[in-house]
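Participant: The following block contains a protein sequence and its predicted model.
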Amino acid sequence: MPELPEVQTVVSDLNEKIIGDTITAFWSEWPKAIKCKTLAVFTKEIVGRKILGVRRIGKNIFIDLSGNKTLYLHLKMTGHLLIKTTSQELSSSQGKAGQELSSKGGKDYFADKVNQYIRHKWTLKTKNHPPRLAETRLDSTRCLIKSKRATARRCEAGKLKTIEFSDVRKFAKIVLDDTDKIAQLPEIKSLGVDAISAEFILTKFNKILDRKAKSPIGIILMDQHLIAGIGNIYRSEILFEAGILPTRKAGTVSITERKKLFQMIEKIMQKAIKLRGTSDSDYRDTAGAPGGFQKIMKMYRHDGKKCPKCGTIIMRDTIGQRAVFFCPSCQK
């Protein structure tokens, strides 16, 4: 499941690519993902709305729209969003559709198999959206009597844009609700402090550990009702860097260890965001490209390999019904 760094990468991309655009159409082959509304009602309520901003709470994405509406998306296990832009280059006599472009060094990541499971699609009208085809041809004809420079200006390429939701396992969730009601949804209201928010300070972290003194630290880090955003991948990396075994009870973690653990949460999460997340499985960014954190992981799914610090064989255990990876020598 995409964790905080992956979702933050998507949110940052969306804020760069779709702010100010207007939704003109919606298509879905899996309406079951749309909660509390029929496909017809959802489509009617979302079309025509302008995208004002994109934000995140934990692993949840919120796209704020005009008219006090917010589109709430949860990527679940295999979901990811792709932003596709089609250039429309116009000759002096006819319209000519360009190719879908990826923003990653010219490589077409959209063609990768993992990006082919499109379940939902929003069509957007951009600020520089071209006129309809009939108008385009009229403009092109008029351009013929003007200078080449004027022609180039009038027939300048426009852009068509889509948000495409790829989700091989069809677990993702889509909700449309009033903006002022989104935070009151049970699954959002019950979330703990966001792991990289300004509200997540050492004092609050200590209170969480004190309240859950008898719980394993590996469980606490994964509990979204306590700290939102940390998942299985980053739990193993954080605990390794902090030198703490995942099975340690929170009450046995010293003040010094707590401080280091808190620092490692921020360090690992920020590093993962900088590397645009982890593509251990299906996660891809909005250009269809994989993240880069998996290239520097030291613990997650490295069981049987040597610890990069001491050479001890990395172990795997199960805690909270999820696999956790650790060095039995470096972590105490």
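Facilitator: In hand now; what should we look at?

Participant: ok, what's across the strand from residue 84?
Facilitator: residue 162 (DSSP bridges).

Participant: name the helices or strands packed onto the strand or helix carrying residue 210?
Facilitator: Element membership for residue 210, per DSSP states H and E: helix 202-211. Judged by 3 or more C-beta pairs under 8 Å, 6 or more residues apart in numbering; DSSP states H and E, helix 202-211 is in contact with helix 217-222, helix 255-274. All C-beta atoms are positioned from the backbone trio N, CA, C, and that covers glycine.

Participant: Roughly how far does residue 221 sit from residue 261?
Facilitator: According to C-beta to C-beta, to the nearest Å, residue 221 and residue 261 sit 9 Å apart.

Participant: any common contacting residues for these two?
Facilitator: The contact sets of residue 221 and residue 261 overlap at 238, 239 (C-beta atoms under 8 Å, 6 or more residues apart in numbering).

Participant: more neighbours, those two?
Facilitator: Counted by other C-beta atoms under 10 Å, residue 221 and residue 261 do not tie: residue 221 has more neighbours, with 26 against 22.

Participant: Please tell me I have it right and that one contacts residue 228.
Facilitator: No - the criterion here is C-beta atoms under 8 Å, and residue 221 misses it with residue 228 at 11.1 Å.

Participant: Apart from its neighbours in sequence, what residue is nearest residue 33?
Facilitator: Nearest non-adjacent residue to residue 33, counting by C-beta to C-beta, 6 or more residues apart in numbering: residue 174, 5.0 Å away.

Participant: just checking, the one you found touches residue 75?
Facilitator: No - at 10.5 Å, residue 174 does not count as touching residue 75 under the criterion of C-beta under 8 Å.

Participant: For residue 312, the count of nearby residues, please.
Facilitator: 13.

Participant: Spatially nearest residue to it, not counting backbone neighbours?
Facilitator: The shortest distance from residue 312 to any non-neighbouring residue, by C-beta to C-beta, 6+ apart, is to residue 329 (4.0 Å).

Participant: What are the phi and psi values at that neighbour?
Facilitator: Here is the backbone geometry of residue 329 (degrees, to the nearest 10): phi -100, psi -50.

Participant: Quick check: pLDDT value at it.
Facilitator: According to the prediction, residue 329 has pLDDT 98.

Participant: ok, it - contacts?
Facilitator: 307, 310, 312.

Participant: Now stretch 196-204 - C-alpha only, PDB.
Facilitator: Provided in PDB are the C-alpha atoms of stretch 196-204 (Å, rounded to 0.1, in the frame of the first residue of the first chain):
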ATOM      1  CA  ILE A 196       5.500  14.900   9.100                       C
ATOM      2  CA  SER A 197       3.100  17.600  10.200                       C
ATOM      3  CA  ALA A 198       4.100  20.500  12.400                       C
ATOM      4  CA  GLU A 199       1.800  19.000  15.100                       C
ATOM      5  CA  PHE A 200       4.000  15.900  15.400                       C
ATOM      6  CA  ILE A 201       6.500  17.000  18.000                       C
ATOM      7  CA  LEU A 202       8.600  15.000  20.500                       C
ATOM      8  CA  THR A 203       6.300  15.900  23.400                       C
ATOM      9  CA  LYS A 204       3.300  14.400  21.500                       C
END
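
Participant: Residue ranges in this structure under the pLDDT threshold?
Facilitator: For the chain, the stretches with pLDDT under 70 are 87-106, 128-159.

Participant: all strands for the chain, in order.
Facilitator: 22-28, 51-57, 60-65, 69-74, 79-90, 95-101, 118-125, 158-167, 173-178, 193-194, 227-228, 315-319, 322-326 (DSSP state E).

Participant: can you redo the ones you listed as CSV with distance to residue 44 and mean neighbour count?
Facilitator: Formatted as CSV, the strands of the chain follow (distance: least, C-beta to C-beta, whole Å; neighbours: other C-beta atoms under 10 Å):
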stretch, distance to residue 44, mean neighbour count
strand 22-28, 9, 17
strand 51-57, 17, 18
strand 60-65, 14, 22
strand 69-74, 12, 20
strand 79-90, 22, 20
strand 95-101, 28, 13
strand 118-125, 14, 20
strand 158-167, 18, 20
strand 173-178, 10, 18
strand 193-194, 33, 18
strand 227-228, 32, 22
strand 315-319, 46, 15
strand 322-326, 40, 21
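
Participant: Quick one, which of those gets closest to residue 297.
Facilitator: With C-beta to C-beta as the criterion, residue 297 lies closest to strand 322-326 of the strands of the chain, at 9.2 Å.

Participant: The closest one packs against which elements?
Facilitator: helix 232-242, strand 315-319.

Participant: List of residues touching the shortest one?
Facilitator: This means strand 315-319. Against strand 315-319 from outside (C-beta under 8 Å, 6+ apart): 216, 218, 219, 246, 247, 303, 323, 324, 325, 326, 327, 328.
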